[in-house]
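Q: My questions concern the predicted model and sequence given below.
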Amino acid sequence: MQGNDFNYIIEKLKHYQKDQIIISEHARIRAIQRQLDINEIIENIINPIRLRYAIKEEANSLSEEKFDCYFAYSKTQCHKYILVLKDNVVVITAIKINRRWQKIVENKMRGKNNVP
């Protein structure tokens, strides 16, 4: 499977501290609705031991990078965060997936690789 920017984002995240993680208002609302702990989201980003996949997305400007990241808890549970990296890390949204999530990633990566 191609398209996993896992190693690239791991190296990038090493350069950020807790105070450089910004949870957008949208992500904060969604985290509450989806029963996700804000501190757990921040911890997953600072210490990405659960990160399994990172798919680079199109960013709004050349000075930033956008990633669709999957943090695994088990084969049927993961957290998906959309992250924008710049001078800081902005969490755009946070989603809890409670089903076999690997197929979601495979399909997304397959679609990305078929784009000319």
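A: Arrived safely.
Q: contacts, neighbours, all on C-alpha from now
A: OK.
Q: Could you check how far the nearest residue to V89 once chain neighbours are set aside is from K75?
A: Excluding the flanking residues, the one nearest V89 by CA to CA, 6 or more residues apart in numbering is I21, at 4.9 Å. I21 is 27 Å from K75, where distance means CA to CA, to the nearest Å.
Q: These two: which is more packed in?
A: I21 (20 against 11; other CA atoms under 10 Å).
Q: what's the distance between that one and F67?
A: 14 Å.
Q: Can you pull up the most central residue in this protein?
A: C69 (2.5 Å; CA atoms, centre = their mean).
Q: Let's see the pLDDT reported for it.
A: pLDDT recorded at C69 is 96.
Q: Spell out the secondary structure type for it.
A: The assignment at C69 comes out as strand when based on DSSP: H, G, I helix; E, B strand; the rest coil.
Q: Can you give me every residue that contacts it?
A: 51-55, 80-83 (CA atoms under 8 Å, 6 or more residues apart in numbering).
Q: With secondary structure added, can I get those residues in TSV?
A: Output for the contacts of C69, formatted as TSV (three-state DSSP):
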residue	secondary structure
L51	strand
R52	strand
Y53	strand
A54	strand
I55	strand
K80	strand
Y81	strand
I82	strand
L83	strand
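Q: Now list the buried members of these.
A: When burial is judged by neighbour count using 16 or more other CA atoms under 10 Å, the buried members of the contacts of C69 are 51-55, 80-83.
Q: Now do stretch 35-48: everything it contacts.
A: Residues contacting stretch 35-48 (CA under 8 Å, 6+ apart): 10, 13-14, 16-18, 21, 28, 31, 50-51, 71, 94, 96.
Q: Apply 7 Å and report the result again.
A: With contact meaning CA atoms under 7 Å, 6 or more residues apart in numbering, stretch 35-48 is reached by 13, 17-18, 21, 31, 50.
Q: which of the residues in the longest helix seen in the chain are buried?
A: The residue-count maximum for a helix in the chain (DSSP state H) belongs to helix 102-113. Neighbour-count burial for helix 102-113 flags 102, 105-106, 109 (criterion: 16+ other CA under 10 Å).
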